[in-house]
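sequence and predicted structure below; questions after.
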Amino acid sequence: MESQKSKIGVFSPNDFREWVRVENIDLMIGHESLLIDFLRGEGYEVARGGEGFERMDSIAWNTALVREHIENIVDAGADVLVLSQGSWTFPYDSRDAVQHFTHLKRRENPSFIPRVLIFSYQDTQVPGMVAGMAVSGALRRIGIPYHLVYGRVDEDEEVQERIRELLEFYDRRREASSQADEVVDRLHRQKYVAFGGMSLKMPTTTADVDAWARLFGISYEALDQSELKKRALQYVNWSGKAGESEPVEIIDERVKVGVENLERNCVLDYSLEKFTDINKLIYQLSYFYAALDLLDEYSGTFAGIKCQDELSAEECTMCLATAFLSNDFGPDGLGKEVIPCACENDMDSSLTQLMLSLLSGGKSSGFGDFRDVEADILAIVNCGQHPPCFFGQEGDMVEEKLSNTEFIGQEVFYHAGGAAVRGRTGGGQVMTIARMARENLRYYLVGTVLNTIDVSPEEHRKYNVSWPIIRGKVPMSGEELIELWPCNHLGFVYGDYTPHLVELAAKLGIGYRVYDSNGILHEKVS
């Protein structure tokens with residue numbers, strides 16, 4: 001669906017020196033007119049800051065005019081500010097313009113985030129590019145993000161397309177702004193429950209819960225993994241060791257119904273030694289309901305399960321619990337609320353999944369490994385807990401998604417065994433992948449889009465036989481993607497929510513590095 005176009009304010013500064021202005025006023029107005037004509041030709045309503053001023057003052061050359069021009073733009077209801085650099089200008093004026101624009105807009109909307117485009121007309125006889133880069137540096141010094149475009153807007157199709165793509169993304173950001181505001185508010189009502197501690201000695205899975213409280217308003221609870229085991233053992237009476245013997249009685253009706261539904265609708269593959277009969281699946285399913293009940297008792301809204309090694313080595317893997325917590329329907333096939341859950345108790349991954357779910361209106365959000373990159377194709381393959389709603393197409397019925405769900409014995413890493421939740425995400429879909437991370441202990445958010453491609457069952461042998469697969473093209477090179485990504489884990493959701501990620505990060509006051517669907521990098525330092 002095409003976004004509603006923003007109203008654009010065009011602000012054009014000039015040199016303070018009178019003899020320079022007398023010489024260049026025609027050129028400055030001419031370059032500004034070429035920009036405005038292009039924007040109006042694209043269907044944008046444009047508010048010209050210098051409209052109504054006498055000719056020499058229609059291009060702002062002092063602080064008073066800067067403010068008056070910006071007030072014109074704000075009064076006209078502009079959402080985006082374009083800074084036209086027709087020749088050399090004084091950079092402080094453009095920086096003052098952006099700050100005054102932001103200040104006035106925040107009177108109307110305290111969470112307003114400025115969307116700024118600097119345009120320098122390409123004329124090698126004058127220093128328009130010099131001015132644009134000087135303004136860029138002035139904004140970067142005080143942490144105001146922007147995009148700079150240089151070229152001939154009246155004749156260069158690549159320049160026109162670049163401006164078009166940037167403004168379309170700004171349009172989508174404006175539409176995402178209210179959703180981002182809602183997520184900022186809802187984060188203050190979230191609580192993370194950690195089942196266990198750090199897994200596999202990965203520093204990037206841990207987070208500073210005081211930073212979470214200060215930055216996001218999130219609460220926290222830590223439980224030992226033994227709490228899951230104690231609760232799971234209450235749901236089934238076993239004749240011997242749980243999961244390795246016959247159940248005498250399935251006490252919890254939910255476990256009974258869930259197992260029957262999975263047996264009836266999914267593929268249960270007993271060919272591998274880590275999963276040879278239904279009993280291990282019953283035990284795994286008990287852990288899902290144990291986690292669900294504990295989260296309810298502790299008012300948890302998102303979670304992480306350590307799994308390795310205590311549970312995966314001695315009891316069973318937590319793949320089924322993690323997959324169905326993050327899913328939008330349960331093992332019984334009925335719809336349920338999504339509770340984002342990360343494998344290996346990866347706290348920042350679970351937080352990313354939570355943000356993606358909230359931004360998308362409650363969609364299921366999964367956890368994955370950054371497994372392989374070939375050219376511009378990323379493979380997301382991990383230890384067996386992609387939510388089943390990602391198997392097939394987003395719009396498939398629950399029954400079809402369950403029929404695409406395969407339970408097959410786990411790999412060598414998990415001594416106690418159990419089934420992985422295996423499946424393949426269908427091609428031709430758009431997804432968002434993202435990750436909250438820290439650099440020098442400061443939070444920032446990375447993300448991009450993934451255009452999925454079909455995966456054949458034979459491809460499991462290319463990676464790990466038992467693990468689920470998502471493959472897709474990203475809008476940058478593999479080298480750029482590897483350089484962008486801060487660790488080995490990521491969150492994913494159906495749909496393109498890159499504008500939402502930028503708006504959310506900006507409103508939270510953290511940095512971001514997000515590539516949009518056109519491969520344009522939007523960034524703000526952390």
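Alright, I've got the coordinates.

what pLDDT does G519 get?
pLDDT for G519: 98.

I should have written E2 there, sorry.
With respect to pLDDT, E2 has a value of 68.

check C307 too.
85.

would you mind measuring from it to S299?
23 Å (C-beta to C-beta, to the nearest Å). Any C-beta I mention is one placed from the backbone N, CA and C, and that applies to glycine too.

of these two, which one has the most company?
C307 (29 against 12; other C-beta atoms under 10 Å).

next, give phi and psi for that one.
phi 70, psi -80 (degrees, to the nearest 10).

tell me the buried residues in the helix or strand of the chain with the lowest mean pLDDT?
Lowest mean confidence among the helices and strands of the chain (mean pLDDT, DSSP states H and E): helix 310-314, at a mean of 89. For helix 310-314, the neighbour count (16 or more other C-beta atoms under 10 Å) marks E310, L311, S312 as buried.

so which residues of the stretch 201-350 of the chain form helices?
In the stretch 201-350 of the chain, the helices defined using DSSP state H, counting those that start in this stretch lie at 209-216, 225-232, 253-265, 278-297, 310-314, 319-325, 347-359.

which among those helices is found nearest to V10?
helix 347-359 (31.0 Å; C-beta to C-beta).

and the angle from that closest one to helix 209-216?
In terms of direction (axes from the mean of the first three to the mean of the last three C-alpha atoms, to 10 degrees), helix 347-359 departs from helix 209-216 by 20 degrees.

who does the helix or strand following helix 347-359 pair up with?
Sequence-wise, the next helix or strand downstream of helix 347-359 (DSSP states H and E) is strand 366-374. In the sheet, strand 366-374 lines up against strand 377-381 (antiparallel), strand 489-494 (antiparallel) (DSSP bridges).

tell me, how many neighbours does E227 end up with?
16.

now the closest residue to it other than its chain neighbours: how far from V159?
Of all residues not flanking E227 in the chain, L294 sits nearest, at 6.3 Å (C-beta to C-beta, 6 or more residues apart in numbering). Using C-beta to C-beta, L294 is found at 57 Å from V159.

about what we covered before: tell me which of the strands paired with strand 366-374 sits nearest to V525.
Of the strands paired with strand 366-374, the one closest to V525 (C-beta to C-beta) turns out to be strand 489-494, at 21.6 Å.

list the contacts of the nearest residue to R231 once chain neighbours are set aside.
In this structure, R231 finds its nearest non-sequential neighbour in A290, 3.7 Å apart by C-beta to C-beta, 6+ apart. Residues near A290 by C-beta atoms under 8 Å, 6 or more residues apart in numbering: L228, K229, R231, A232, Q234, Y235, A321.

of these, which is the most crowded?
A321 (30 neighbours).

right, and L508 touches V184 too?
Yes: using C-beta atoms under 8 Å, L508 makes contact with V184 at a distance of 6.4 Å.

follow-up on the earlier one: point out the most buried one among the helices of the stretch 201-350 of the chain.
Greatest average neighbour count among the helices of the stretch 201-350 of the chain goes to helix 319-325 (a mean of 30), per mean count of other C-beta atoms under 10 Å.

the nearest residue to V525 once chain neighbours are set aside and G478: what is the separation?
Excluding the flanking residues, the one nearest V525 by C-beta to C-beta, 6+ apart is G511, at 5.4 Å. Distance of G511 to G478, given as C-beta to C-beta: 23 Å.

so those two - more neighbours on which side?
Shown here are G511 and G478; by other C-beta under 10 Å, G511 has more neighbours (21 against 15).

could you look up the SS state of V20?
Look at V20: counting by DSSP: H, G, I helix; E, B strand; the rest coil, its state is helix.

what number of residues lie near it?
V20: 14 neighbours (other C-beta under 10 Å).

got it, and V22?
Neighbour tally, V22, other C-beta under 10 Å: 10.

residues in contact with it?
Per C-beta under 8 Å, 6+ apart, neighbours of V22: none.

pLDDT wise, what is it at?
The model's pLDDT for V22 equals 94.

tell me the spacing between it and D93.
V22 is 18 Å from D93, by C-beta to C-beta.

returning to what we had before: in CSV, list the buried residues of helix 310-314 along with distance to L378.
Formatted as CSV, the buried residues of helix 310-314 follow (distance: C-beta to C-beta, whole Å):
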residue, distance to L378
E310, 31
L311, 29
S312, 26
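
tally up the residues packed near D309, please.
14.

and what of S456?
For S456, using other C-beta under 10 Å, the count is 9.

skipping its backbone neighbours, what lies nearest it in space?
R424 (7.8 Å).

repeat that for V153.
F38 (4.8 Å).

how does this structure divide into domains?
7-182, 188-495 (automatic domain parsing).

check the offset of the shortest one from the chain's centre.
The gap between the average C-alpha position of domain 7-182 and the chain average comes to 29 Å, counting by C-alpha atoms, centre = their mean, to the nearest Å.

that domain: end-to-end distance?
23 Å (C-alpha to C-alpha, to the nearest Å).

same question, the longest one
According to C-alpha to C-alpha, domain 188-495 extends 25 Å from its N-terminal end residue to its C-terminal end residue.

quick one: that domain to chain centroid distance?
17 Å.

stretch 509-526 too?
That offset, for stretch 509-526, works out to 10 Å (C-alpha atoms, centre = their mean).

that older thread, helices and strands around the least confident helix or strand of the chain, which ones?
Counting contacts by 3 or more C-beta pairs under 8 Å, 6 or more residues apart in numbering; DSSP states H and E, helix 310-314 is packed against helix 225-232.

now the helix it packs on: mean pLDDT?
97.

just stretch 131-146 next, same as before
Stretch 131-146 comes out at a mean pLDDT of 97.

list the contacts for the closest residue to V257 other than its chain neighbours?
Nearest residue to V257, sequence neighbours excluded (C-beta to C-beta, 6+ apart): D332, at 5.0 Å. D332 makes contact with R254, V257, G258, N261, according to C-beta under 8 Å, 6+ apart.

next up, phi/psi of D332, please.
phi -80, psi 0.

that one and N62, how far apart?
From D332 to N62 the distance is 70 Å (C-beta to C-beta).

and if you look at E479?
On the measure of C-beta to C-beta, E479 and N62 end up 47 Å apart.
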